[in-house]
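A.B. asks: predicted model, plus sequence, below.
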Amino acid sequence: MKTRNATRVASLAACALTLAACSDVDPTGPQDDLAAAVTAANGAIPTAITGTRPALPFHGTTVGMLVGMIPAPEGRCPETLPMMAIYQGAGNVTHMGKVQVSGTECLRMDPSDPSSGASGLGDFTLTAANGDHLFVAYESTVMSLEAPPSPWVLWSAEVHSTGGTGRFENAELVDATWNGGVSLVTYESWSQMDGHIRLR
């Protein structure tokens with residue numbers, strides 16, 4: 001009986017020492033290790049671990065038309081970009097499926113010298129088949145001309161989300177770029193978007 005009690009006391013003492021030794025351990029340590037392991041394996045950390053929304057891959061392609069070019073309405077564009085170009089198109093975008101695209105941007109274009117063109121302050125709406133909207137915008141573009149006799153003007157911009165509806169109400173674009181081209185002869189256009197998106 002004494003031996004059994006002595007063994008029990010020794011076991012309790014060992015447990016107490018173990019708890020005392022662990023009392024200084026940071027309880028967030030294992031979570032950090034788990035987050036690092038998940039990142040290494042998958043490239044993304046689940047919301048439950050980080051407390052933030054994961055950034056998901058985001059890619060889209062569109063085709064469309066420049067359907068109008070008008071003097072910019074007062075307050076829409078700066079004096080350096082006096083025209084407003086109007087675009088419409090369609091395409092496919094991850095997390096949205098088939099989309100309709102519509103929007104405007106500010107523009108300066110001299111047909112006699114296309115290389116002097118500039119654009120910016122783009123404001124676009126991507127509409128999914130279920131009616132959800134993702135609003136995207138960019139401040140400025142980098143433009144270039146394909147070698148003659150090609151009529152294509154190429155452009156690229158860093159793009160961000162300005163809001164949305166439904167699933168995209170609080171969407172955030174991360175490291176996203178939008179680039180494409182427009183023909184100065186037919187006014188047809190194409191584009192692609194790449195980056196990441198955080199959904200609500």
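C.D. replies: All right, it came through fine.
A.B. asks: which helix or strand contains the spatially closest residue to residue 153 that is not a sequence neighbour?
C.D. replies: Spatially, and ignoring its direct neighbours in sequence, residue 153 is nearest to residue 182 (5.5 Å; Cβ to Cβ, 6 or more residues apart in numbering). C-beta here means a position set from N, CA and C on the backbone, and glycine is covered the same way. Secondary structure here is read from DSSP states H and E; on that basis residue 182 sits in strand 172-183.
A.B. asks: helix or strand right after that strand?
C.D. replies: Strand 172-183 is succeeded, C-terminally, by strand 188-198 (DSSP H and E).
A.B. asks: list the buried residues in that following strand.
C.D. replies: For strand 188-198, the buried set under the neighbour-count rule, 16 or more other Cβ atoms under 10 Å, comprises 189, 190, 191, 193, 194, 195, 196, 197, 198.
A.B. asks: gap between residue 198 and residue 56?
C.D. replies: 7 Å (Cβ to Cβ, to the nearest Å).
A.B. asks: ditto for residue 141
C.D. replies: From residue 141 to residue 56 the distance is 25 Å (Cβ to Cβ).
A.B. asks: and residue 122, by the same measure?
C.D. replies: Distance of residue 122 to residue 56, computed by Cβ to Cβ: 23 Å.
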